[in-house]
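A.B. asks: give me a 3D structure for the following:
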Amino acid sequence: MNRRQFLRSTAALSTLGAVEFLPWHTVSALASEVGDFVRGPAVKDHPLQQLSKHVWMIYSPDGFPTPENQGMMCNLTFVDTPKGLVAVDTGASVQIGEMAIRQIRQVLKKPVIAIINTHYHGDHFLGNHAFVDAYKDIPIYAHAGTIQQIQGMEGNLWRTLMEQWTNQATMGTRVVPPTIAVDHGQELKFGDVTLRMHHYGKAHTPSDICVEVVEDKLTCIGDVAMDRRIANMDDGSYAGSLKAYDALEKNAASTIWLPGHGHPGAGVLAWNRGLFQGIYESCLKAIEAGEAMAAAKVRVLADERVRSRAKDTKGFDNNIGKYVSLAYLEAEAAAF
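C.D. replies: Alright, predicted model coming up:
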């Protein structure tokens, strides 16, 4: 920002106290000035890497948002088709989306023609803002439940949370909801590339969409499963997640599972299945034995499937108590 822009923005801020006396078009112009002034800083470049014939990814090394990583915590995926690029999840801010656009313009040199948001947690959709600014009238696909949640309270809630968690680094991000609903079994074809949607009920959220790149035997699984990171299960289901893993392995003929967090590979579902089975099945045993939640946590921590994964799981120590309580409540409800 140059000196003139700074002075104009400062003047706009000083005028806000008298905003009720101004006509609407003036208020709108001032809001634009203030928005530019308080915008968070640019995000450093993260390189694109090719995973298969059509799929490229910007890997995010961090599992959780901090002021230092500016919310860069979610993998961003781009499917290279004869029609253009399809983005699967766009990151946690307009700044992250802009960083991704810089990378694809330098490396792939193709426009983004569509976006798919896997679910309504903000690190997966808040970057939509950058893409709608760069590519006019771009369609954004998601499950109908995801669209409803982002249009409702979840959109602004996640925008606010990201600002808080990053010390305002994501400021200036606008909530841009998906526009087109997709559901299980639906296929989107872009030339000779087929994207098949998978939805198996409540897993990480009630409305997760996994995107199978059919020709590459690769499936983008969003946060249905993660690689060495404990998942946010506040909106999810352990039993539903385990059901989804079985269904994906049966119906999506993939050799690469690409998670929203962590490294892609053949063993992502198996790794997460073991962790979730250890947590949930231990809670079921505690319920059957009439034990309280504290005893269930002891069982979980003693389970070899959990114990063997604990050291390598980001966020384990800080979150395992919460996730045991969620699993216990779910197991308790299932028992009755």
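A.B. asks: which residue, other than its chain neighbours, is closest to the spatially most central residue of the chain?
C.D. replies: Using CA atoms, centre = their mean, the residue of the chain that lies closest to the mean C-alpha position is H124, 2.8 Å off. Leaving aside its sequence neighbours, H124 sits nearest to D89 (CB to CB, 6 or more residues apart in numbering; 4.3 Å). For glycine as for every other residue, the C-beta is placed from the backbone atoms N, C-alpha and C.
A.B. asks: so who does the one you found touch?
C.D. replies: 74-77, 116-118, 124-125, 127, 220, 222, 260 (CB atoms under 8 Å, 6 or more residues apart in numbering).
A.B. asks: and the residues you listed, which are buried?
C.D. replies: Buried by 16 or more other CB atoms under 10 Å: 74-77, 116-118, 124-125, 127, 220, 222, 260, out of those.
A.B. asks: next, the buried residues of stretch 204-211.
C.D. replies: 204-211.
A.B. asks: and which of those is nearest to R229?
C.D. replies: When these are compared for distance to R229 (CB to CB), H204 comes out closest, at 12.0 Å.
A.B. asks: how near is that closest one to P41?
C.D. replies: 30 Å (CB to CB, to the nearest Å).
A.B. asks: again with P177
C.D. replies: From P177 to P41 the distance is 25 Å (CB to CB).
A.B. asks: more neighbours: which of the two?
C.D. replies: Taking neighbours as other CB atoms under 10 Å, P177 and P41 compare with P177 leading, 19 against 12.
A.B. asks: need the contact list for that one.
C.D. replies: P177 touches 125, 128, 140, 147, 150-151, 155, counting by CB under 8 Å, 6+ apart.
A.B. asks: same question for L301.
C.D. replies: So, once contact is read as CB under 8 Å, 6+ apart, L301 ends up touching 307, 310, 320.
A.B. asks: now name the helix or strand holding the first one.
C.D. replies: Assigned by DSSP states H and E, R307 falls within helix 304-310.
A.B. asks: what residues of that helix count as buried?
C.D. replies: Within helix 304-310, the residues scored as buried using 16+ other CB under 10 Å are 305-306, 309.
A.B. asks: ok, of those, which one's closest to G84?
C.D. replies: G84 has its nearest neighbour among the buried residues of helix 304-310 in R309, at 39.1 Å by CB to CB.
A.B. asks: got the phi/psi numbers for Y120?
C.D. replies: Phi and psi for Y120, reported as degrees, to the nearest 10, are phi -100, psi 10.
A.B. asks: oh sorry, the question was meant for M293
C.D. replies: Main-chain dihedrals, M293, degrees, to the nearest 10: phi -60, psi -40.
A.B. asks: name the nearest residue to it, sequence neighbours excluded.
C.D. replies: When the adjacent residues along the chain are set aside, M293 lies closest to Y328, with 4.9 Å between them (CB to CB, 6+ apart).
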